Each structure stands twice: as C-alpha cells, then as structure tokens.
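Asker: return atomic coordinates for the entry below.
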Amino acid sequence: MCGIVGYVGRRDVTELLLSGLYRLEYRGYDSAGIAVQAAGMNQPRVLRCSGRINALKALIEEAPPAIPPGTPCVGIGHTRWATHGAPTTANAHPHVSPDGTFAIVHNGIIDNYAKLKKRLQEKEHEFRSETDSEVIAHLVEECYEGDLRSALAATVEQLDGTYGIVLISSRQPDTIVAARNGSPIVVGVCENETIIASDVSAIVQYTQKAMFLDD
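Answerer: Prediction:
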C-alpha cells in the first residue's frame, strides 16, 4: 500500500504535493519523493529520500524546484510502503525512464515484473532500483510514439498485477496521465486544474467534485 498524488495547474506544485503526501502518509512511510515538470525543463525534477515526509520536506527546502509562481506545471508525489526492495532512496518513487524524460509513481504489485525486467535488460536497459515499479518507466519510454496517453495504455497492456499509476513527462509538460487496475485512483476536478490521488483525503481541501476511475 502506497500513497500517490498528482497535479496539473498553476499552483505551487511542491506545496500541494507535500500537503497531499502528509494526508496520505498512513499509506506508507518508508520513503517519499516528488517529480515536477514545467515548460522549458529538459526533464522532470526529481527529489526523493528514505524516511518520512518531513525528510522529503527538508530536502525540498534545501533545493527547491525553480518554477516561477503561476507557471503551468505538472507534478507527482509518492509515499512508499516497501514491498519489492528495501526502504532506500534508490527504491523510492518517482522512478524515471532511462533517458530521464518520463517519471512515474505506482501503487500496487506488478506480478510479471521479473519477466519484463529481463526482456528490457536484454535490450540493454539499465535499472537503478530493486523495485517492480521501475519497469513501468522503462516500458513507457519504449512505447512512446508522440502521445503520453497512448504510451501508458500500451504499457499497462503488458502488466499483470495491480496498479495505480500516474505519469508525467518533459515531452508533454502540460499533461498528466493516470491508470488503475485494482488500486484506487480518484480525480479531483477544479477550475483550470486537476488533482489525482490514491485517496480522496488528499483532494477534499481543493474540491468536492471527484471521480473514481474504473479499472
């Protein structure tokens, strides 16, 4: 069980992600991280660490992402309860693709990750973590042909198991994409912005209009 939050809009994205993660910390407290993206950034800025949300907050305060106030941006955050791999910084989410342009957070268990990882390694993909989740970022890069939604759709067709996934990319810095199978994802719709989370508690302070995704 892990906590996920995602955002697209013009708010202070790091502040919103941290607020959501604090509300989701009961879902996992082994490690935490965020990735944020705005136009002009070559790849998502990723900050992550082992430990609880306070450790992540301190890390962000030391090196805050340089996004001017009011700039359109996207971001994802994650608080982890370790299943595959120890509670280390290397295993913390978000995970990024080999080229660094895609970042994902994942809640669930990918049952066939070992088979997928082996196939990707045979194509010379290098993995940086012990997690099952990292294969998702690698598959998204492999499946991307110009459309982020299509890349995630092609990726989840290859996954066996449970997942709530949220994806961002520097290739489409105004877009956030989510998918689920067995793991909860709720979408909070606001005026000119959207918040995604694994639990409605992370979005109720911003909107009362929420939609729970089907598998």
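
Asker: switch to C-alpha atoms for all contacts and neighbour counts from now on
Answerer: Noted.

Asker: got the contact list for Glu25?
Answerer: Residues in contact with Glu25 (C-alpha atoms under 8 Å, 6 or more residues apart in numbering) are Gly3, Arg52, Ile53, Thr79.

Asker: residues near Ala90, how many?
Answerer: The number of residues packed near Ala90 is 18, by other C-alpha atoms under 10 Å.

Asker: any idea which element it lies in?
Answerer: Assigned by DSSP states H and E, Ala90 belongs to no helix or strand.

Asker: checking the closest residue to Cys143 other than its chain neighbours next. Helix, strand or coil?
Answerer: Closest residue to Cys143 apart from its sequence neighbours, by C-alpha to C-alpha, 6 or more residues apart in numbering: Ala151 at 5.0 Å. What DSSP: H, G, I helix; E, B strand; the rest coil gives for Ala151 is helix.

Asker: same thing with the one 4 residues further on?
Answerer: Thr155 carries the three-state label helix when classified by three-state DSSP.

Asker: ditto for Thr71
Answerer: Per three-state DSSP, Thr71 ends up coil.

Asker: how many neighbours does it have?
Answerer: 14.

Asker: that one reaches Val36, doesn't it?
Answerer: No: the criterion here is C-alpha atoms under 8 Å, and Thr71 misses it with Val36 at 11.8 Å.

Asker: rewinding a little: now, the contacts of Glu25 that are in strands?
Answerer: Gly3, Thr79 (DSSP state E).

Asker: with neighbour count as extra columns, can I get the contacts of Glu25 in JSON lines?
Answerer: Converted to JSON lines, these look like this (neighbours: other C-alpha atoms under 10 Å):
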{"residue": "Gly3", "neighbour count": "29"}
{"residue": "Arg52", "neighbour count": "19"}
{"residue": "Ile53", "neighbour count": "25"}
{"residue": "Thr79", "neighbour count": "37"}
